[in-house]
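Engineer: Provided below are the primary sequence and the corresponding predicted coordinates.
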Amino acid sequence: MIFIKTRSGRYINIEYIYGFAVEEEKVEIEGRRRLVYKIVAYLPQPLLPAVLGIYETEERAEEKLEDFMNKVIRATGKTIISLESDI
């Protein structure tokens, strides 16, 4: 059984996740609007996507998503997988 730890601290069973993606979003950080890239896990309706990590560049987010997916593929037994955010 594999669990994914979200940025907010929730644990989601991977069997309930439909997919993963990198999404772009404008957020306010230290009083300034910035463009950031989030790795999200899509969940069944009516749940909103869960944010797994936030990064400053799209390239870094894509790299982290690829590393994350490699961890998921290699995981065996009972495992918790999480991502570290840049922001």
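Structural biologist: Great, that's in hand. Since we're looking at a predicted model, the values are computed, not measured. Residues are numbered from 1 along each chain as shown.

Engineer: quick one: contacts for A50?
Structural biologist: By CB atoms under 8 Å, 6 or more residues apart in numbering, the residues touching A50 are I4, T6, R7, S8, R10, I12, V40, A41, L43. In this view, the C-beta of every residue, glycine as well, is placed from N, C-alpha and C.

Engineer: Can you lay out those as CSV showing distance to Y18, pLDDT and neighbour count?
Structural biologist: What follows is those, written out as CSV (distance: CB to CB, whole Å; pLDDT from 0 to 100; neighbours: other CB atoms under 10 Å):
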residue, distance to Y18, pLDDT, neighbour count
I4, 12, 96, 23
T6, 15, 95, 17
R7, 18, 93, 18
S8, 19, 93, 8
R10, 16, 94, 10
I12, 11, 95, 17
V40, 11, 97, 22
A41, 8, 96, 20
L43, 7, 95, 15
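
Engineer: Closest one to G77 out of those, please.
Structural biologist: Of all those, G77 sits closest to I4, with 15.1 Å by CB to CB.

Engineer: Okay, the most far-flung residue of the chain relative to its centre and D67: tell me how far apart.
Structural biologist: Relative to the average C-alpha location in the chain, and by CA atoms, centre = their mean, no residue lies farther out than G31, which sits at 24.3 Å. To D67, G31 is 32 Å away according to CB to CB, to the nearest Å.

Engineer: before we move on, what about R32?
Structural biologist: The separation that R32 has from D67, given CB to CB, amounts to 29 Å.

Engineer: Those two - which one has more neighbours?
Structural biologist: Neighbour tally, R32 and D67, criterion other CB atoms under 10 Å: the higher count belongs to D67, 11 against 7.

Engineer: Quick check: next helix or strand after the strand or helix carrying I54?
Structural biologist: When elements are defined using DSSP states H and E, I54 is found to belong to strand 50-55. Secondary structure here is assigned by DSSP H and E; on that basis, the next helix or strand after strand 50-55 toward the C-terminus is helix 58-74.
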